[in-house]
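Asker: Pasting the sequence and the predicted model now:
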Amino acid sequence: MLDIHPKNSNKDETSSVKLDDLDLKILRLLQQDSDIAISDLGEHVGLSHTPCWRRIKKMQEAGIILGNRSLLDAEKVRLDVSIFVFVKLDTHSADVLDAFENATATVPEILQCYTMSGEFDYLLRVVVSSVREYEKTVKGKLLKLPHVGTMNSHFALNEVKNTTELPL
């Protein structure tokens, strides 16, 4: 049994959700194929349609299932240049960090943004169609993010593993 507490909640609150083995099986299957019919999903885990649907609904309401998305082939849509950008800000305060983080949300080329420990403050994953397009993104968008002090870019040569499946 896995006990899940929604973000920003106190463990003593009744808002926690207990995930049993059936819930975990459902989540594993949904991670592999979010389009699976509930009847097929229920059949795989040993539930009829309605109890399976109720479990999914409960996990959606608890914020465990965040939504369904289509995964695209970056190469086929010509956005297969991935760059990992380490960013160090020029100053630090709660307002500065908030401003930077809010601004990253407005740059579509930034797919992921992580607060980091160590030498750099943030790690960004940027996706573009070419090196020249990355240069335009750096000059036109990334360097204009608030309080950027230094940036250090690392180009991915080959994608060895890329998954969205959590190891449940």
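Answerer: That came through, no problem.

Asker: bridging residues for D3?
Answerer: Residues in a beta bridge with D3, per DSSP bridges, are K18.

Asker: Next, the spatially most distant residue from the centre of the chain: phi, psi?
Answerer: Within the chain, S48 marks the point farthest from the mean C-alpha position, 31.1 Å out by CA atoms, centre = their mean. Per-residue torsions, S48: phi -80, psi 170 (degrees, to the nearest 10).

Asker: contacting residues around it?
Answerer: G42 (CB atoms under 8 Å, 6 or more residues apart in numbering). C-betas here are computed from N, CA, C, even on glycine.

Asker: before we move on, what about S82?
Answerer: For S82, the contacting residues are A74, R125, V126, V127, F155, A156, E159, by CB under 8 Å, 6+ apart.

Asker: residue contacts, the last one?
Answerer: Under the criterion of CB under 8 Å, 6+ apart, the contact partners of E159 comprise S82.

Asker: returning to what we had before: do you know the pLDDT at the residue farthest from the centre of the chain?
Answerer: Per-residue pLDDT puts S48 at 96.
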